[in-house]
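Asker: take this sequence and fold it.
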Amino acid sequence: GSERAGGGAAEVRGGSAGKHAGKRRETRRSEPRQAMLSVAVPVLRAARRVYRAKPSLRMTLQAAVPQGSTRRCHLSAGSRNRLRWDLSPDDIRRRTEELIQRVKRVYDSVGALDMDRVSYENTLRALADAKVTYTVERHVLDFPQYVSACRELRAASTEADKRLSDFDVEMSMREDVFQRLVVLQEKQLCDPKPEAKRLMEKVIKLGRRQGLHLSREIQQEIKSTSKLISELSIDFNKNLNEENSYLLFTEEELGGLAESYMRGLEKADDGRYKVSLEYPQYYPLMKRCFIPETRRKMEAAFQSRCKEENTSILERLISLRAKMAELLGFRTHADYVLEMNMARNTRNVSRFLDAFHEKLKLVGEQERCYILELKRRECGERGYEFDGQIHAWDLPYYMNRVEQVKFSVDKDKLIEYFPLEVVTEGLLGIYQDLLGLTFQPVPKPHAWHPDVRLFSARDAASGEEIGQFYLDLHPRCVPVSSCVLFRLWILKPSPPTTNAHTIHPLVSAGWLGVQEGHTGGWGLS
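Answerer: Below is the predicted model:
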């Protein structure tokens, strides 16, 4: 939703793209090798070494889970796993209200305690247990907005997200609960668990960041501002998720793109190709198309996504965040955010970036001159005017050209050796080796689509399950159009309930972790 737009006679269309999106994505799904592009050569070599040297890692992914472990995996995917992916819109609305009331009762109970009766069990522990339960059940309600192919279900999930975000603000502004936590800290209880002490310190610090130590008038202003920021942020992301515009190009305007890429595009009635602004189509075009005007049009449209809807939202968010920072005594919104990070404040960040810039300036100028020379030479060969500049729509293309010319990387040849399964096994194999884990597929997992795979992550030495992750690697008619890592939680079956497993669904629209021009991430806890 950036404001930057490079002018454009590009023909951008929307609306009708939605009804064809499913077909377009299914076509791309049949071309998984497109997805395995632009991986750094050392990483590929490492993957090759692991893939060849450690057949046991590959067998872990392909073989069924041993019989002794199957029951435990079903428990983890079943009775212990509270994640539900078969809810209707009405179910989401009902469970949202039930969850709010259940958690609110815990906060009301803590807030009503006499100050002299405050203890670890009835205050900090009660809040922590309620938070874990809330986090687990909330994901069931707000996650479908990112992966469901049903528009009504996505809408219900988005509304649940708004409702729960408002509730988050309400609970974070409970002065009565904050006061009892402060009293509990002052008692300096001799709890043997350092994590309890850390949790106490963090919760109180977060309370101060909500202004609970300030006057009631300022607290009310912070609360209303926080709710508005939350609502606008959800609307901003919803607009981007639902965006479905596309551009029309002739075959000549798409010069340089691979045949497999062209086969994945729909055609309009006039024979031109429809190119959407989704990452799996945007990034390859920006890196491979040698027609500057095509890249310029694509970049202008991509950076102008939802411009009409989101520009006003962004302007309001900037103003509201500045207001919130000022109310809490911070110079800027950035200072407010950085207080919880290692950098602490904007001055430290500026010093780091300035020092970094000085060290890289010479190298950067050398690379700039090299890219300009590549552009000058290519413009001469193709008959284009050389303007002596590197535009935003030039950089991805000429970075790719540097790899081809300077390092002799032929990605069209590389992708032949990296089909989907090979890359999946290679990447997971590297992480098993690095982290001392084994990844075992869970049979018949409960998920939001039959193609989604669920893995159990276990300690290689003890066999203990320490987490799970979903892999959703195929594009479908869903809002997520990029590689995204979500964190979900499932509760362990035994107390204390503050112990929890994590489930990480890696939701992709057509690639696994890495794609040409875009690097995704893998995360395991």
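Asker: which stretches of the stretch 301-450 of the chain have low pLDDT?
Answerer: In the predicted model of the stretch 301-450 of the chain, no residue satisfies pLDDT under 70.
Asker: would you map the strands across it?
Answerer: Secondary structure of the stretch 301-450 of the chain, counting by DSSP state E, counting those that start in this stretch: strands at 437-441.
Asker: can you map out the helices along it?
Answerer: 307-327, 333-338, 346-382, 395-407, 411-414, 420-435 (DSSP state H, counting those that start in this stretch).
Asker: which stretch among these comes nearest Asp108?
Answerer: helix 307-327 (26.5 Å; Cβ to Cβ). Backbone N, C-alpha and C define where each C-beta goes, glycine included.
Asker: for the closest one, name the packing helices and strands.
Answerer: Judged by 3 or more Cβ pairs under 8 Å, 6 or more residues apart in numbering; DSSP states H and E, the packing partners of helix 307-327 are helix 216-242, helix 333-338.
Asker: closest one to Asp90 among the ones you listed?
Answerer: With Cβ to Cβ as the yardstick, what comes closest out of these is helix 216-242 (20.3 Å).
Asker: run the chain-centre distance for the closest one.
Answerer: Taking the mean of its C-alpha atoms, helix 216-242 sits 20 Å from the chain's own mean (Cα atoms, centre = their mean, to the nearest Å).
Asker: also stretch 431-440?
Answerer: Distance, stretch centre to chain centre, for stretch 431-440: 22 Å (Cα atoms, centre = their mean).
Asker: thinking again about what came up before, just name the most buried of the helices of the stretch 301-450 of the chain.
Answerer: Sort the helices of the stretch 301-450 of the chain by mean neighbour count, taking mean count of other Cβ atoms under 10 Å, and helix 420-435 sits at the top with a mean of 19.
Asker: in JSON lines, list the helices and strands packed on helix 307-327 along with distance to Thr250.
Answerer: Below are the helices and strands packed on helix 307-327 laid out as JSON lines (distance: least, Cβ to Cβ, whole Å):
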{"stretch": "helix 216-242", "distance to Thr250": "28"}
{"stretch": "helix 333-338", "distance to Thr250": "45"}
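Asker: to Leu127, which of those helices lies closest?
Answerer: helix 216-242 (19.0 Å).
Asker: next helix or strand past that closest one?
Answerer: For helix 216-242, the following helix or strand on the C-terminal side (DSSP states H and E) is strand 246-249.
Asker: run me through the strand neighbours of that next one, direction for each.
Answerer: strand 12-13 (antiparallel), strand 273-276 (antiparallel) (DSSP bridges).
Asker: would you single out the least confident of the ones you listed?
Answerer: Confidence, taken as mean pLDDT, is least for strand 12-13 of the strands paired with strand 246-249 (a mean of 55).
Asker: kindly check the end-to-end length of stretch 119-130 for me.
Answerer: By Cα to Cα, to the nearest Å, the extent of stretch 119-130 from end to end equals 16 Å.
Asker: could you shift the numbering so residue one becomes 16, and keep it that way?
Answerer: Right, with 16 as the first residue, what we last looked at is stretch 134-145.
Asker: show me which positions of it end up buried.
Answerer: 135, 138-145 (16 or more other Cβ atoms under 10 Å).
Asker: out of those residues, which are inside helices?
Answerer: 141-145 (DSSP state H).
Asker: could you export those residues as CSV, including pLDDT?
Answerer: Output for those, formatted as CSV (pLDDT from 0 to 100):
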residue, pLDDT
Ala141, 96
Leu142, 97
Ala143, 95
Asp144, 94
Ala145, 96
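Asker: could those residues go into a markdown table alongside distance to Arg383?
Answerer: A markdown table is the format used below for those (distance: Cβ to Cβ, whole Å):
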| residue | distance to Arg383 |
| --- | --- |
| Ala141 | 59 |
| Leu142 | 54 |
| Ala143 | 52 |
| Asp144 | 56 |
| Ala145 | 55 |
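Asker: of all these, which comes closest to Glu382?
Answerer: Ala143 (50.0 Å).
Asker: so who does Ala349 touch?
Answerer: 361, 364 (Cβ atoms under 8 Å, 6 or more residues apart in numbering).
Asker: relative to Ala340, how far out is it?
Answerer: Distance, Ala349 to Ala340, by Cβ to Cβ, to the nearest Å: 8 Å.
Asker: then Pro104?
Answerer: Pro104 sits 37 Å away from Ala340, going by Cβ to Cβ.
Asker: now Phe158
Answerer: Taking Cβ to Cβ, one finds Phe158 at 30 Å from Ala340.
Asker: check Arg140 too.
Answerer: Taken as Cβ to Cβ, the span from Arg140 to Ala340 is 33 Å.
Asker: what does Pro465 give?
Answerer: 47 Å.
Asker: same check on Tyr122?
Answerer: From Tyr122 to Ala340 the distance is 26 Å (Cβ to Cβ).
Asker: could you do Leu442 as well?
Answerer: Distance from Leu442 to Ala340, by Cβ to Cβ: 40 Å.
Asker: before we move on, back to that, just send the buried residues of stretch 134-145 back as JSON lines, with distance to Arg166 too.
Answerer: Converted to JSON lines, those look like this (distance: Cβ to Cβ, whole Å):
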{"residue": "Tyr135", "distance to Arg166": "46"}
{"residue": "Thr138", "distance to Arg166": "43"}
{"residue": "Leu139", "distance to Arg166": "42"}
{"residue": "Arg140", "distance to Arg166": "41"}
{"residue": "Ala141", "distance to Arg166": "39"}
{"residue": "Leu142", "distance to Arg166": "37"}
{"residue": "Ala143", "distance to Arg166": "37"}
{"residue": "Asp144", "distance to Arg166": "36"}
{"residue": "Ala145", "distance to Arg166": "33"}
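Asker: mind picking the two most distant members of those?
Answerer: Longest span within the buried residues of stretch 134-145, Cβ to Cβ: Tyr135 and Ala145, 14.6 Å.
Asker: which SS state does the residue of the chain most remote from its centre fall under?
Answerer: Residue farthest from the centre of the chain, counting by Cα atoms, centre = their mean, is Asp131 at 44.3 Å. What DSSP: H, G, I helix; E, B strand; the rest coil gives for Asp131 is helix.
Asker: what segments of the stretch 166-315 of the chain are helices?
Answerer: Listed in chain order, the helices of the stretch 166-315 of the chain (DSSP H, counting those that start in this stretch) span 166-187, 190-201, 209-224, 231-257, 274-278, 294-303, 307-318.
Asker: so the fourth one versus helix 190-201, what angle?
Answerer: It refers to helix 231-257. 110 degrees (axes from the mean of the first three to the mean of the last three Cα atoms, to 10 degrees).
Asker: thinking again about what came up before, let me have the helices of the stretch 316-465 of the chain in a markdown table, extended by distance to Glu152.
Answerer: Conversion of the helices of the stretch 316-465 of the chain to a markdown table gives the following (distance: least, Cβ to Cβ, whole Å):
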| stretch | distance to Glu152 |
| --- | --- |
| helix 322-342 | 28 |
| helix 348-353 | 28 |
| helix 361-397 | 37 |
| helix 410-422 | 41 |
| helix 426-429 | 44 |
| helix 435-450 | 29 |
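Asker: which one is Ala170 nearest to, not counting chain neighbours?
Answerer: Spatial nearest neighbour of Ala170, excluding adjacent residues (Cβ to Cβ, 6 or more residues apart in numbering): Pro104 at 7.3 Å.
Asker: what separation do you get for that neighbour and Pro159?
Answerer: Pro104 is 9 Å from Pro159, where distance means Cβ to Cβ.
Asker: still on that earlier bit, looking at the ones in helices among the buried residues of stretch 134-145, which is nearest Asn325?
Answerer: Ala145 (34.7 Å).
Asker: and the closest residue to the closest one other than its chain neighbours, what element?
Answerer: Closest residue to Ala145 in three dimensions, ignoring its sequence neighbours and counting by Cβ to Cβ, 6+ apart: Val121, at 4.1 Å. Val121 is part of helix 104-126, with elements assigned from DSSP H and E.
Asker: per-residue confidence averaged over that helix?
Answerer: Computed over helix 104-126, the average pLDDT equals 98.
Asker: list the buried ones in that helix?
Answerer: For helix 104-126, by 16+ other Cβ under 10 Å, it's 104, 107-108, 110-111, 114-115, 118, 121-122, 125.
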